[in-house]
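**Q** Here's a sequence, model it:
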Amino acid sequence: MQTDDATCDEVGFSVTAFIPVKPLIHAKSRLKEQLDLARRVELTHDSLRHIVYTLRAVPGVADIVIISRDAQVAAWAACWRVAHLREHRRGLNAALREARAQYAHAAAVLVLPSDLAALSTADVQAIVSAARQADGRCVVIAPDRHGRGTNALLLKPPDVIDFGFGANSALRHARRALARGIQPIWFRSDSICLDLDLPDDLELYLGQW
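**A** Residues are numbered from 1 along each chain as shown. As a prediction, this is how the structure comes out:
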């Protein structure tokens with residue numbers, strides 16, 4: 001894979017966005033006490049659509065790829081005219097590695113969870129701008145509102161570090177960057193830090209957006 005820093009830093013620098021989505025039968029399972037499955041699927045659809053249209057509004061985003069083995073999610077991707085990748089390996093990090101291999105030509109990849117219902121164009125623009133301005137390799141991390149999870153991860157080039165999503169992933173990604181001699185760039189905003197994972201996340205979202 002070509003990782004020429006000069007190529008990455010050209011005026012036309014753009015990123016490929018990956019949005020992994022679980023099978024809908026497992027949609028937002030931590031909210032099952034508040035919402036039935038149909039409502040959780042609707043919530044997933046609405047937040048995913050919001051992310052797609054937010055990404056489309058940012059000139060620095062070249063390709064949008066929804067990663068899921070769920071047929072309904074694939075149909076949504078077709079409806080929104082974005083790419084869909086059906087992963088063959090189970091597990092989020094394995095699925096992302098598979099997607100990265102297929103998009104090895106990208107200058108950078110941006111991973112976003114499917115439940116960032118408050119994501120703004122300003123968030124995406126700021127992350128892409130940080131990567132564009134970085135000298136050579138870079139890792140941009142947007143943590144969740146608790147400072148533990150990773151709500152956005154930009155890698156330039158795509159293989160600069162391995163994916164490490166899971167518990168306390170923000171710190172894991174930062175440590176992996178430091179191990180490669182890269183000072184991670186942290187990005188925080190009220191909108192990108194909110195993911196609809198727990199009941200209090202949903203309450204906060206409904207109260208503010």
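
**Q** Which of the three states applies to Leu154?
**A** Counting by DSSP: H, G, I helix; E, B strand; the rest coil, the backbone at Leu154 sits in strand.

**Q** What sits closest to it if chain neighbours are left out?
**A** Leaving out its chain neighbours, the residue that sits closest to Leu154 by CB to CB, 6 or more residues apart in numbering is Val140, at 4.0 Å. (Glycine included, C-beta is placed from N, CA and C.)

**Q** For my notes, confirm the one you found occurs in a strand.
**A** Yes - under three-state DSSP, Val140 falls within a strand.

**Q** Okay, it and Pro59: tell me how far apart.
**A** 17 Å (CB to CB, to the nearest Å).

**Q** Please compare these two by neighbour count and tell me which comes out ahead.
**A** Val140 (25 against 9; other CB atoms under 10 Å).

**Q** I figured the more buried one hits Ser129, correct?
**A** No - at 9.8 Å, Val140 does not count as touching Ser129 under the criterion of CB atoms under 8 Å.

**Q** Give me the residues contacting stretch 91-105.
**A** 1-2, 16, 18, 20, 63, 65, 67, 85, 87-89, 109, 111, 158-159, 162-166 (CB atoms under 8 Å, 6 or more residues apart in numbering).

**Q** 7 Å instead?
**A** 1, 16, 18, 20, 65, 67, 85, 87-89, 109, 111, 158-159, 163-165 (CB atoms under 7 Å, 6 or more residues apart in numbering).

**Q** And stretch 45-56, by the same measure?
**A** Taking CB under 7 Å, 6+ apart as the rule, stretch 45-56 contacts 17, 19, 21, 61, 64, 76, 80, 82, 112, 114-117, 119-121, 124, 196.

**Q** what comes up buried for that stretch?
**A** 45, 47-48, 50-52, 54-56 (16 or more other CB atoms under 10 Å).

**Q** Ranking helices and strands of this protein by mean pLDDT, which lands last?
**A** helix 5-8 (a mean of 38; mean pLDDT, DSSP states H and E).

**Q** ok, the residue nearest to Leu154 - contacts?
**A** 127, 130-131, 154, 185, 187.

**Q** how about low-confidence regions in this structure?
**A** Along the chain, segments meeting pLDDT under 70 span 1-12, 208-209.

**Q** Relative to the centre of it, find the outermost residue for me.
**A** Glu33 (26.2 Å; CA atoms, centre = their mean).

**Q** What does that one show for phi and psi?
**A** phi -80, psi -20 (degrees, to the nearest 10).

**Q** What separation is there between it and Ala167?
**A** 22 Å.

**Q** and the longest helix along the chain, C-alpha only, in PDB?
**A** For the chain, the longest helix by residue count, based on DSSP state H, is helix 37-56. The C-alpha coordinates for helix 37-56 follow below in PDB (Å, rounded to 0.1, in the frame of the first residue of the first chain):
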ATOM      1  CA  LEU A  37     -36.900  -3.900  19.200                       C
ATOM      2  CA  ALA A  38     -38.900  -2.000  16.500                       C
ATOM      3  CA  ARG A  39     -38.100   1.300  18.100                       C
ATOM      4  CA  ARG A  40     -34.400   0.400  18.600                       C
ATOM      5  CA  VAL A  41     -34.200  -0.500  14.900                       C
ATOM      6  CA  GLU A  42     -35.800   2.800  14.000                       C
ATOM      7  CA  LEU A  43     -33.300   4.600  16.200                       C
ATOM      8  CA  THR A  44     -30.500   2.800  14.500                       C
ATOM      9  CA  HIS A  45     -31.900   3.700  11.100                       C
ATOM     10  CA  ASP A  46     -32.400   7.400  11.900                       C
ATOM     11  CA  SER A  47     -28.900   7.800  13.500                       C
ATOM     12  CA  LEU A  48     -27.200   6.000  10.700                       C
ATOM     13  CA  ARG A  49     -29.000   8.100   8.100                       C
ATOM     14  CA  HIS A  50     -28.000  11.200  10.000                       C
ATOM     15  CA  ILE A  51     -24.400  10.200   9.900                       C
ATOM     16  CA  VAL A  52     -24.400   9.400   6.200                       C
ATOM     17  CA  TYR A  53     -26.000  12.800   5.300                       C
ATOM     18  CA  THR A  54     -23.600  14.600   7.700                       C
ATOM     19  CA  LEU A  55     -20.600  13.000   6.000                       C
ATOM     20  CA  ARG A  56     -22.000  13.800   2.600                       C
END
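
**Q** Thanks again, I'm all set now.
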